[in-house]
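Student: Below: sequence and its predicted model.
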Amino acid sequence: MSGERLKQAVGSAAGRIDSLAVEDAIRGRQSIRAYLEKPVPRDVITRVLATAGRAPSGSNIQPWKVWVVEGKPLAELTAEILATYDTSGEGTREYNYYPVTWREPYLARRRACGWGLYSTMGITREDKAGMHAQRRQNFNFFGAPMGLVFTIDRDMETGSWLDCGMFIQTVMIACRQFGLETCPQAAFANFQEIIRRRFAIPDGEMVICGMAIGYPDPAAKVNSFRTEREPVENYVRFVE
């Protein structure tokens, strides 16, 4: 899409904005794992990404890059990743998202999240096939009609990764005013070689994560799962 068409798309989506308080947009956000087949309009996602472009970044260097995939390219990408996952398992990320050695309280939180999701779906610890099938949905963008992939230049440092995190969060919040929901997915970084080849991503960029985006399926049981969050007094200290 040309620069002029991008500007037009940003403006044309204005009439579809729903009123949503910032606090409601943040508190109501959750990872959605089932979507309607309804496509995401190009002008809407363009407006969302333009809005997210106002996210803060050190010295305003704006290190984030976004690859938007839908339709046939999306179907072909997910088909190859799923085939690889089914035959060879997951690949390896180029960075450590999680700690190399887990400890409390983080291990307990991680387990509560994973088993909470499986329990919602009626998947037991003994049901290895069920766990595989649920995990597999990650690599189909959970059936979303659109996927995003975020990349960053390899020579950027930790501060720029923080900037990208703020940008990604802003994308998720901005989506909600249009009735769109999301699921950020670091799991896609495990298949960065496939993504890099299909998108012709330059060698100088690293895949951070993917993101499912679309209109949520309100009837899907998986979307009833909500994670628990720590009370504010557990992580905030007022210095007297």
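Tutor: Noted; the coordinates are in hand. Because the structure is predicted, anything quoted here is derived from the model rather than measured.

Student: For residue 121, give me its contacts.
Tutor: Residue 121 sits next to 130, 134, 221, 222 when contact means Cβ atoms under 8 Å, 6 or more residues apart in numbering. All C-beta atoms are positioned from the backbone trio N, CA, C, and that covers glycine.

Student: let's see 10 Å
Tutor: By Cβ atoms under 10 Å, 6 or more residues apart in numbering, the contact set of residue 121 is 33, 127, 130, 131, 133, 134, 221, 222, 224, 225.

Student: And these, which is closest to residue 145?
Tutor: residue 33 (14.3 Å; Cβ to Cβ).

Student: hang on, the closest one packs against residue 118?
Tutor: No: assessed by Cβ atoms under 10 Å, residue 33 is found out of contact with residue 118, at 11.9 Å.

Student: So which of these two has more stuff around it?
Tutor: Between residue 33 and residue 118, residue 33 has the larger neighbour count (other Cβ atoms under 10 Å), namely 26 against 18.

Student: Helices of this structure, residue ranges please.
Tutor: Listed in chain order, the helices of the chain (DSSP state H) span 3-12, 22-27, 42-52, 71-88, 106-120, 128-136, 158-175, 192-199.

Student: ranking the ones you listed by burial, who's on top?
Tutor: Mean neighbour counts were compared across the helices of the chain using mean count of other Cβ atoms under 10 Å; the top stretch is helix 42-52, at a mean of 21.

Student: on that earlier part again, return every residue with contacts to both of residue 33 and residue 118.
Tutor: By Cβ under 10 Å, 6+ apart, the residues touching both residue 33 and residue 118 are 134, 225.

Student: about what we covered before: right, and the helices of the chain - which one's nearest residue 237?
Tutor: Closest of those to residue 237 is helix 106-120, at 18.8 Å (criterion: Cβ to Cβ).

Student: Other residues contacting that closest one?
Tutor: Residues from elsewhere that reach helix 106-120 (Cβ under 10 Å, 6+ apart): 31, 33, 98-99, 101-102, 123-125, 127, 130-131, 134-135, 221-230.

Student: mind running it again at 6 Å?
Tutor: Here helix 106-120 makes contact (Cβ atoms under 6 Å, 6 or more residues apart in numbering) with 225, 227.

Student: before we move on, what about stretch 90-101?
Tutor: Residues outside stretch 90-101 that contact it (Cβ under 6 Å, 6+ apart) are 186, 189, 190, 191, 206.

Student: ok, the third one - contacts?
Tutor: Spelled out, that is residue 190. Contacts of residue 190 (Cβ under 6 Å, 6+ apart): 90, 91, 93.

Student: And the pLDDT for the first one?
Tutor: In this case it means residue 90. Note for residue 90: predicted pLDDT of 91.

Student: For the spatially closest residue to residue 49 that is not a sequence neighbour, which residues count as its bridge partners?
Tutor: Computed as Cβ to Cβ, 6 or more residues apart in numbering, the closest residue to residue 49 that is not its neighbour in sequence is residue 66, at 6.1 Å. Beta bridges link residue 66 to residue 150 when assigned by DSSP bridges.

Student: quick one: contacts for the closest residue in space to residue 196 that isn't next to it in sequence?
Tutor: Leaving aside its chain neighbours, residue 196 sits nearest to residue 207 (6.8 Å; criterion: Cβ to Cβ, 6+ apart). Applying Cβ under 6 Å, 6+ apart, we find residue 207 in contact with 151, 189, 192, 195.
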